[in-house]
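Visitor: heads up, no residue letters with this:
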């Protein structure tokens, strides 16, 4: 069973940056489409960004385009989310997961513990 562990969250001021990491244990996920999702208090979980397993094609939700960048390091079996120009509305718990590309949803239906990002105004 693949276990994914998110890290890198924290408290940052508006306009600041954070880099989130998603590391796998138990099995490699280098060949899988991977995604970042987030859930703000009182809101549903939503897709943020995705990266394909084969050619590292990327996709982004409109609300992060131009600010966030998803990437992967296959040698480290890790997926990253570089978040720049952060806004208070980016405050949420961020999760990574294997991605169904066509629907922008989590392939596994289960989530790790996530990493909390708080953007102060």
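Guide: Perfect, thanks for sending it. Because the structure is predicted, anything quoted here is derived from the model rather than measured. Numbers count the residues shown, from 1 in each chain.
Visitor: in the chain, which segments are predicted with low confidence?
Guide: Where the chain drops to pLDDT under 70, the residues are 1-2.
Visitor: Quick check: the residue nearest the centre of the chain vs residue 96, distance?
Guide: Per Cα atoms, centre = their mean, the C-alpha nearest to the average position across the chain is that of residue 36, at 2.4 Å. Residue 36 is 5 Å from residue 96, where distance means Cβ to Cβ, to the nearest Å. Just so you know, the C-beta spots here come from the backbone N, C-alpha and C atoms, and that holds for glycine as well.
Visitor: so what sits against both of the two?
Guide: 20, 22, 79, 81 (Cβ atoms under 8 Å, 6 or more residues apart in numbering).
Visitor: Let me know the closest of the residues you listed to residue 117.
Guide: residue 20 (7.6 Å; Cβ to Cβ).
Visitor: What is the burial count for the closest one?
Guide: Other residues near residue 20 number 25, with proximity taken as other Cβ atoms under 10 Å.
Visitor: Which strands or helices does the helix or strand hosting it pack on?
Guide: Counting by DSSP states H and E, the element that carries residue 20 is strand 18-25. Applying 3 or more Cβ pairs under 8 Å, 6 or more residues apart in numbering; DSSP states H and E, one finds that strand 18-25 contacts strand 3-7, strand 34-39, strand 78-83, strand 92-100, strand 115-120.
Visitor: List the strands paired with the last one, with their directions.
Guide: For strand 115-120, the paired strands and their directions (DSSP bridges) are strand 10-13 (parallel), strand 92-100 (antiparallel).
Visitor: okay, these in JSON lines with mean neighbour count and distance to residue 73 next?
Guide: Listed next are those as JSON lines, based on neighbours: other Cβ atoms under 10 Å; distance: least, Cβ to Cβ, whole Å:
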{"stretch": "strand 10-13", "mean neighbour count": "13", "distance to residue 73": "21"}
{"stretch": "strand 92-100", "mean neighbour count": "22", "distance to residue 73": "13"}
